[in-house]
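Participant: Please work out how this folds:
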Amino acid sequence: MENPIHELLCELDIHPVLVDIGAAGPPPEIWDGIAPQSIYVGFDPDLRQIEEVSDGQFHRGIMVNEAVTASSEKQLSFYLTKSASCSSTLKPDTDSLGNYTFADLFKVEKEVKVPATTLNSVIERFALPGIDWFKTDSQGTDLRLFESLRDEIGSRVLAVDIEPGLIDAYVGEDLFVGAHAALIRKGFWLSNLNVCGTVRMRSANLETIAHLGALERAEIEGAIRRTPCWVEARYFRTIRSLLEINAGKREFVLLWCFALIDNQPGFALDLALEYERLFGRDQFSQTMLDYPMERIREIARPQPEVIPRKLSIGARIIRKLKRLLGQATH
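Facilitator: Below you'll find the predicted structure:
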């Protein structure tokens, strides 16, 4: 097959809306395969590390240099930290962070006022049909931002990427335990989870030990097991949830595409069979069945044994001796 994901999106004229909150850096790599058909909306008020969307990378690219808020405030305090990726509308929790070696990254260099907007107003401003994939690395406000969406928008989000904390890195932040429970209640299931962390050791003590032991800081950090501090989690909407909102062909096909680019061919087959049950068999349902099955076959099928083209020196000597012995017997 050529690229059935690309083909289905084109044939059905589907343009997924991909929202990227905390877009300091390039868009997520997982979106590369669907970028030409997608509408990308990136948010980040910290211009120190912003990367503009490349011309032609997406069907349509929008960058919003405003903070996203769940409230009606038009301006927010924004804490610019030593590392731009740690900047947030929430104040870093210095007491909690002081127990970890990455605390210096959260040192506030400047507190500024930045223009703020809501996701609902941005959807209206740019005449977007909704949000299909919601990705946020807001540094502490992931859950409240998702829950700020109007019901008719939030109930039709198909995929959610969040990076909530396991520790209190910010004052009053949304932690993973609460975000996970809320998303499960809202009809999502956890597709992917990457646990991230750093060394649990006070930075000042690390410097002292490095001096006493004549060791480099990096050597000490490299020798100590990292402690879980935050997660990168991906959720997809369940089939039951799709049925509850009377989802159409677009939602089933699009979620099928999302499942495959996250390497979930089993869930993709579930969606294909449910699509066929609801809408009947057509050219789209056949592709939705065939492609994930082929993906599974490629992995399950035993690989052919590779026969080396060149024999080892020992094997060549044995073959030569056999030929000589064979000549001697004639």
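Participant: in what helix or strand does residue 288 lie?
Facilitator: helix 283-300 (DSSP states H and E).
Participant: Residue 18 too?
Facilitator: Under the assignment here (DSSP H and E), residue 18 is part of strand 17-21.
Participant: And for that strand, what's in contact with it?
Facilitator: With C-beta atoms under 8 Å, 6 or more residues apart in numbering as the test, strand 17-21 has contacts from 27-28, 31, 38-44, 58, 68, 119, 128-138, 145. Where you see a C-beta, it was placed from the backbone N, CA and C, and this is true even at glycine.
Participant: and after it, which helix or strand comes next?
Facilitator: Assigned by DSSP H and E, the successor of strand 17-21 is strand 39-43.
Participant: contacts for that next one?
Facilitator: Residues from elsewhere that reach strand 39-43 (C-beta under 8 Å, 6+ apart): 15-23, 27, 31, 53, 57-64, 66-68, 122, 126, 128.
Participant: quick one: strands adjacent to it?
Facilitator: strand 17-21 (parallel), strand 60-64 (parallel) (DSSP bridges).
Participant: Quick check: which of these is buried the most?
Facilitator: Among the strands paired with strand 39-43, ranked by average contacts under mean count of other C-beta atoms under 10 Å, first place goes to strand 17-21 (a mean of 25).
Participant: Go through the strands paired with strand 39-43 and name the closest to residue 234.
Facilitator: Nearest of those to residue 234, taken as C-beta to C-beta: strand 17-21 at 13.3 Å.
Participant: Quick check: mean pLDDT of the closest one?
Facilitator: Averaged over strand 17-21, pLDDT sits at 96.
Participant: Export it to PDB, keeping only CA atoms.
Facilitator: Taking Å, rounded to 0.1, in the frame of the first residue of the first chain, the C-alpha atoms of strand 17-21 are listed here in PDB:
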ATOM      1  CA  VAL A  17      -7.000  20.500  13.700                       C
ATOM      2  CA  LEU A  18      -3.800  20.000  15.900                       C
ATOM      3  CA  VAL A  19      -3.400  22.300  18.900                       C
ATOM      4  CA  ASP A  20       0.000  22.700  20.400                       C
ATOM      5  CA  ILE A  21       0.100  24.600  23.700                       C
END
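Participant: sorry, back to before: just the C-alphas of the helix holding residue 288, formatted as PDB.
Facilitator: Extracted in PDB, the C-alpha atoms of helix 283-300 (Å, rounded to 0.1, in the frame of the first residue of the first chain):
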ATOM      1  CA  GLN A 283     -13.900   1.400   0.000                       C
ATOM      2  CA  PHE A 284     -12.800   3.200   3.200                       C
ATOM      3  CA  SER A 285     -13.700   0.300   5.500                       C
ATOM      4  CA  GLN A 286     -11.700  -2.100   3.400                       C
ATOM      5  CA  THR A 287      -8.600   0.100   3.600                       C
ATOM      6  CA  MET A 288      -9.200   0.500   7.400                       C
ATOM      7  CA  LEU A 289      -9.200  -3.300   7.700                       C
ATOM      8  CA  ASP A 290      -6.400  -4.200   5.300                       C
ATOM      9  CA  TYR A 291      -3.700  -1.700   6.400                       C
ATOM     10  CA  PRO A 292      -3.500  -2.500  10.100                       C
ATOM     11  CA  MET A 293      -3.700  -6.200   9.300                       C
ATOM     12  CA  GLU A 294      -0.700  -5.800   7.000                       C
ATOM     13  CA  ARG A 295       1.200  -3.900   9.700                       C
ATOM     14  CA  ILE A 296       0.500  -6.800  12.100                       C
ATOM     15  CA  ARG A 297       1.600  -9.400   9.500                       C
ATOM     16  CA  GLU A 298       4.900  -7.600   8.900                       C
ATOM     17  CA  ILE A 299       5.700  -7.900  12.600                       C
ATOM     18  CA  ALA A 300       4.300 -11.400  13.200                       C
END
